[in-house]
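when you get a sec, could you give me coordinates for this:
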Amino acid sequence: MKNLPVKKGVTDLAKLTVGIGGAVAGTVFPGAGAIGPMLNFAIEKWIKGPEKLLLAELKSGNVEILNDEKAATFIPMAYRFFEAAKEGEYEHNLKLLAEFIKNELHLDTPDPSGFARMARRIEG
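Numbering: from 1, shown residues only. Predicted structure coming up:
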């Protein structure tokens with residue numbers, strides 16, 4: 001499992017869009033060019049960081065290939081994981097969620113709703 005199921009180049013496209021938008025905004029509004037680096041930092045923090053964390057946890061549990069049934073349950077769990085990351089959840093909590101996903105994928109029948117309940121408990 002080299003990449004999570006996302007469209008390739010989305011992060012690069014977002015960075016390019018931010019760079020162009022920052023340059024255009026900098027010509028129209030003085031000082032607005034500083035927004036670009038801040039948005040690039042946000043992309044790294046809320047997309048690439050959690051992705052690396054989840055992939056590392058899955059690799060540590062030898063989760064490499066998912067059959068159709070497990071892949072169908074992985075997608076809602078991964079979506080909920082990235083929603084928690086987007087909302088600014090602490091890295092420690094994201095590690096707990098990633099470990100929970102890993103453990104669920106080792107079960108015969110993973111339970112995405114159980115993962116969603118666990119995510120809500122951790123948020124609280």
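
can you check the pLDDT for the closest residue to residue 105 other than its chain neighbours?
Nearest residue to residue 105, sequence neighbours excluded (C-beta to C-beta, 6 or more residues apart in numbering): residue 63, at 5.1 Å. All C-beta spots, glycine's among them, are computed from the backbone N, C-alpha and C. According to the prediction, residue 63 has pLDDT 79.

if I look at residue 69, how far off is residue 112?
Using C-beta to C-beta, to the nearest Å, residue 69 is found at 12 Å from residue 112.

the more surrounded of the two?
residue 112 (18 against 11; other C-beta atoms under 10 Å).

in the helix or strand where residue 73 lies, which residues are buried?
Here residue 73, judged by DSSP states H and E, is contained in helix 68-86. In terms of neighbour count (16 or more other C-beta atoms under 10 Å), helix 68-86 has its buried residues at 70, 73, 74, 77, 78, 80, 81, 82, 84, 85.

what residues are up against the last one?
Contacts were defined as C-beta atoms under 8 Å, 6 or more residues apart in numbering; by that measure residue 85 touches 46, 47, 49, 50, 94.

nearest spatial neighbour of it, skipping sequence neighbours?
residue 50 (3.8 Å).

how much space between the residue nearest to residue 105 and residue 69?
From residue 63 over to residue 69 (counting by C-beta to C-beta), the distance is 14 Å.
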